[in-house]
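> Just a sequence and a predicted model for now, questions to come.
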Amino acid sequence: MNRSITLVGVAALIAMSTSSFANEHGASKARADAPSTEVAWTPETLALIRSGNAQKGSQLANEQMCASCHGHAGIAQSNNWPSLAGQRAEYTYKMLQDYKNGSRNTYPLMTVLAKPMSDQDMADIAAFYASFKLPPVPVGTVIDKALADKAELLVMKGDGNRLLAPCMSCHGYKGEGNVVDVPAMAGQTPEYFIRTMQDYKTGKRSNDVYSRMRLMAHSLSDQEIIELANYYANLTQ
């Protein structure tokens with residue numbers, strides 16, 4: 001049997017694990033009852049997201065001054081914020097919903113901005129950012145290609161000894177993201193990637209369904225997170 005396929009199946013079992021599994025591995029904050037999301041991926045929700053109007057989304061993004069953090073055309077010029085260019089519309093929609101309902105509370109400003117948005121507003125903004133290509137990292141960002149190379153095995157093969165599925169099985173061969181709530185990661189700055197993974201690792205961020213990323217991040221060493229950060233930043237170089 002193909003090893004990658006086997007690991008993908010194992011990853012699905014991990015994602016459904018109970019809090020006792022998390023505690024056994026020292027990830028007590030990755031509880032099964034922890035907040036994840038209130039977005040239900042019903043046919044109606046998916047149809048709403050597909051109805052997103054990129055032109056209206058552009059207008060909304062200008063009104064909300066999204067470019068002040070996420071940059072022109074969704075390419076952030078600071079490692080404090082993620083680039084949204086080329087991000088899957090479903091994922092952007094989910095993040096806005098999670099900020100609005102409090103499932104994600106890592107950036108209070110985003111909660112304030114999301115509160116007055118309607119579901120259609122979110123679909124329109126998501127369509128706007130999805131209309132661009134995946135971003136290059138900002139000029140001046142330092143990428144260690146030696147570290148990026150070290151991460152390739154984990155990305156492509158995973159680690160069966162730790163029950164870690166290959167990253168590409170969810171996030172795609174080119175970091176382009178996958179079905180529904182799996183984000184694109186190509187072109188994010190190493191600093192932002194590292195901060196996000198550490199937030200998952202410590203439980204500061206808890207809007208991942210079934211604690212999937214919290215469990216994965218807890219199994220990774222800090223050095224592996226740094227290597228993965230350089231790998232995904234380097235994909236669009």
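Perfect, thanks for sending it. Computed from a prediction, not measured in an experiment: that's the story for all the values here. Numbers count the residues shown, from 1 in each chain.

> quick one: least confident helix or strand in this protein?
helix 19-24 (a mean of 38; mean pLDDT, DSSP states H and E).

> Distance check, Asn53 against Asp124.
Asn53 sits 5 Å away from Asp124, going by Cβ to Cβ, to the nearest Å. Any C-beta I mention is one placed from the backbone N, CA and C, and that applies to glycine too.

> For those two, list the residues in contact with both.
Overlap of the contact sets of Asn53 and Asp124 (by Cβ atoms under 8 Å, 6 or more residues apart in numbering) is empty.

> average pLDDT across stretch 155-163?
Averaging pLDDT along stretch 155-163 yields 95.

> ok now that stretch, how far from the chain's centre?
19 Å (Cα atoms, centre = their mean, to the nearest Å).

> same deal with stretch 117-137?
14 Å.

> Now it: buried residues?
Under the neighbour-count criterion of 16 or more other Cβ atoms under 10 Å, stretch 117-137 has 117, 120-132, 134-137 buried.

> From the recorded domain assignment, give the ranges for this structure.
What automatic domain parsing lists as the domains of the chain is 3-33+139-234, 43-130.

> in the chain, which spans are helices?
3-15, 19-24, 43-50, 54-63, 67-70, 89-101, 108-114, 119-130, 145-156, 168-171, 190-202, 212-219, 222-234 (DSSP state H).

> The ones you listed: which one's closest to Pro82?
helix 190-202 (5.6 Å; Cβ to Cβ).

> Any buried residues in the closest one, and which?
By neighbour count with 16+ other Cβ under 10 Å, helix 190-202 contains the buried residues Pro190, Tyr192, Phe193, Ile194, Arg195, Thr196, Met197, Asp199, Tyr200, Lys201.

> Excluding chain neighbours, what is closest to Gln64?
The shortest distance from Gln64 to any non-neighbouring residue, by Cβ to Cβ, 6 or more residues apart in numbering, is to Leu113 (5.7 Å).

> now Ser78: how far from Thr196?
15 Å.

> How about Asp222?
From Asp222 to Thr196 the distance is 14 Å (Cβ to Cβ).

> now do Leu96
Applying Cβ to Cβ, the value for Leu96 to Thr196 is 17 Å.

> before we move on, what about Ser103?
Noted for Ser103: a distance of 15 Å to Thr196, by Cβ to Cβ.

> what do you get for Ala54?
26 Å.

> What number of residues are in the vicinity of Gln59?
For Gln59, the neighbour count with other Cβ atoms under 10 Å is 14.

> same question but for Ala151, I mixed them up
20.

> Surely it touches Ile225?
No - using Cβ atoms under 8 Å, Ala151 is not in contact with Ile225; the gap is 9.3 Å.

> these two touch, right, the residue nearest to Gln64 and Ala61?
No - contact criterion Cβ under 8 Å: Leu113 and Ala61 do not qualify, at 10.7 Å.
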